[in-house]
Each structure stands twice: as C-alpha cells, then as structure tokens.
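Asks: My questions concern the predicted model and sequence given below.
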Amino acid sequence: MTCKEVREHMLDAAQENSVAGLDEHLSSCASCARELESMRQTMALLDEWQVPEPSPYFDSRLRARVREAAAEPRSWLEWLRGPAVAFALAVLMMASIALFRNAPDHQEIAKAPNPPSVVQTGTAVSDLQELEHDGDMYANFDMLDDLGTEAGTANP
C-alpha cells in the first residue's frame, strides 16, 4: 500500500476495522503511523465529550421571542424582501433586457454605416459626389445634346 491509499482508509483503521495491507505499511512508514495514532486519540476525545444541555427555560424564551417578532408591525421595506417580489423583479428585468435587445432602433444603430467623411464644398471631390447623388437628372444625355445644338446655331 502507498501513503495515499492508507490515508483513504485511515478512518476505518482508526475505528479498529481491519484493512488489508495496512499493518505492513504502518510498520515501514512512521509518518502514517503517527497520523493514525493522532486520529485514534482525537476519536477517543470525541467519544468522551458530552453535549452541553440547554438551559431549562430555553424553549420558553425562544417561543416568546418568536411571538414578539411576529407581533411587531412590518414596514413596507421588509415586505419588499419577500421572495415573490424578488421573483417578479427578476422577471421584469429579464423582459426589459429581451425587449431592449430586440428593439428596432437598437438593431438599426448597430447596422448603421459609418458617417460620411466631411468634404469641403467647391472641390472636385464634392462635385463628383453631387453628380453621383443627382444621377437621375443627368441620365438623359439627349437633352444635353439638344442644348448644345441650340447654342451652336444661335452663335454661328
């Protein structure tokens, strides 16, 4: 047996129960023998120990204190400590968290693209951005061609 196995069976050995191979290990291991003897002494002291008896008036005083506590008026703060109120608050918190996570505003904010970069007006970049936004107006180039021919005939 190893020291670890002996420690697992130490309680049985301290109660004078026979454990196979224990005597051989205890004769060769002084540390385990000391620990077994210490456990036997502790158990002997616990066997001699007497539980102190409560005073004869303990039960009557305890009942009187319980009656006094029950007779005292409870404030509304003590009412809030009840388990039903705690459960209701927990359900309310869970519902509010679920509603907040599923709110459309919350999802739109999370999916919103990055704000456009600030571009100064009157530059080539701002002009290109204006053209991109007003693509419908410039989609009909035939109208621009007509404007060019009218201007060409007016100034020959």
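Replies: Now that the structure is in, tell me what you want to look at.
Asks: and the protein, what are its domains?
Replies: Annotated domains of the chain cover 3-48, 124-154 [automatic domain parsing].
Asks: All the helices of this protein, in order from the start?
Replies: Using DSSP state H, the helices found in the chain span residues 3-8, 10-14, 22-28, 30-48, 58-71, 76-79, 83-101, 104-111, 124-133, 141-154.
Asks: okay, the third one in PDB with CA atoms only?
Replies: Taking only C-alpha atoms (Å, rounded to 0.1, in the frame of the first residue of the first chain), the coordinates of helix 22-28 have been written out as PDB:
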ATOM      1  CA  LEU A  22      -2.300  -1.600   6.400                       C
ATOM      2  CA  ASP A  23      -0.200  -3.200   9.100                       C
ATOM      3  CA  GLU A  24       2.700  -3.800   6.700                       C
ATOM      4  CA  HIS A  25       2.700  -0.100   5.600                       C
ATOM      5  CA  LEU A  26       2.400   1.200   9.100                       C
ATOM      6  CA  SER A  27       5.400  -0.800  10.200                       C
ATOM      7  CA  SER A  28       7.500   0.700   7.400                       C
END
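Asks: quick one on the thing from earlier: could I get the helices of the chain as CSV with mean pLDDT and mean neighbour count?
Replies: Glycine gets a C-beta too; all of them are placed from N, C-alpha and C. Below are the helices of the chain laid out as CSV (pLDDT from 0 to 100; neighbours: other CB atoms under 10 Å):
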stretch, mean pLDDT, mean neighbour count
helix 3-8, 84, 13
helix 10-14, 78, 16
helix 22-28, 84, 14
helix 30-48, 89, 12
helix 58-71, 90, 10
helix 76-79, 70, 8
helix 83-101, 88, 10
helix 104-111, 57, 9
helix 124-133, 70, 11
helix 141-154, 57, 9
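Asks: ok, back up a step: now the domains of the chain as TSV including distance to I97?
Replies: Output for the domains of the chain, formatted as TSV (distance: least, CB to CB, whole Å):
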stretch	distance to I97
domain 3-48	48
domain 124-154	40
